[in-house]
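**Q** heads up, no residue letters with this:
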């Protein structure tokens, strides 16, 4: 649905695109209900913003930009790969003589 909706935006078939993109957003929100800042939700919000920009619907652009900003604010902060590795493997162990 998301890809077809994006294609319809490029074809200037905005009403059809809106139905598909909003439907995709609802679906992702249902699937990722415990993760409101999931990458898929942020991605579809970006596509919806582009739809409304192309359609010149400033009120809707502002509405969905606010939702995207909130999703970005609640997104988990990235960690360095060494921090992630330490969490997975535990603290480094002292090595004895080789």
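**A** Yep, it's here. Note that this is a predicted model, so its numbers are computed, not measured.

**Q** okay, now residue 40: neighbour count?
**A** The criterion is other Cβ atoms under 10 Å. On that basis, residue 40 has 16 neighbouring residues. Just so you know, the C-beta spots here come from the backbone N, C-alpha and C atoms, and that holds for glycine as well.

**Q** can you check residue 55 too?
**A** Close neighbours of residue 55, defined as other Cβ under 10 Å, add up to 16.

**Q** Leaving out sequence neighbours, find the closest residue to it.
**A** Among residues not flanking residue 55 along the chain, residue 14 sits closest, at 4.4 Å (Cβ to Cβ, 6 or more residues apart in numbering).

**Q** check contacts around that neighbour.
**A** By Cβ atoms under 8 Å, 6 or more residues apart in numbering, the residues touching residue 14 are 8, 51, 54-55.

**Q** what's near enough to touch residue 50?
**A** 6, 9.

**Q** Tell me how far it lies from residue 69.
**A** Here the distance between residue 50 and residue 69 works out to 16 Å (Cβ to Cβ, to the nearest Å).

**Q** just residue 30 next, same as before
**A** 22 Å.

**Q** Tell me the confidence at the residue nearest to residue 55?
**A** The predicted local distance difference test score for residue 14 is 98.

**Q** Make 34 the starting number, not 1.
**A** Sounds good: first residue 34 from here, last item residue 47.

**Q** Look up how far residue 80 lies from it.
**A** Following Cβ to Cβ, the distance that separates residue 47 from residue 80 is 12 Å.

**Q** One more: residue 48?
**A** 15 Å.

**Q** out of these two, which sits in the more crowded spot?
**A** The neighbour comparison of residue 48 against residue 80 (other Cβ under 10 Å) goes to residue 80, with 19 against 8.

**Q** pLDDT weak spots in the chain?
**A** Using pLDDT under 70 as the threshold, the predicted model of the chain has low-confidence ranges 111-131.
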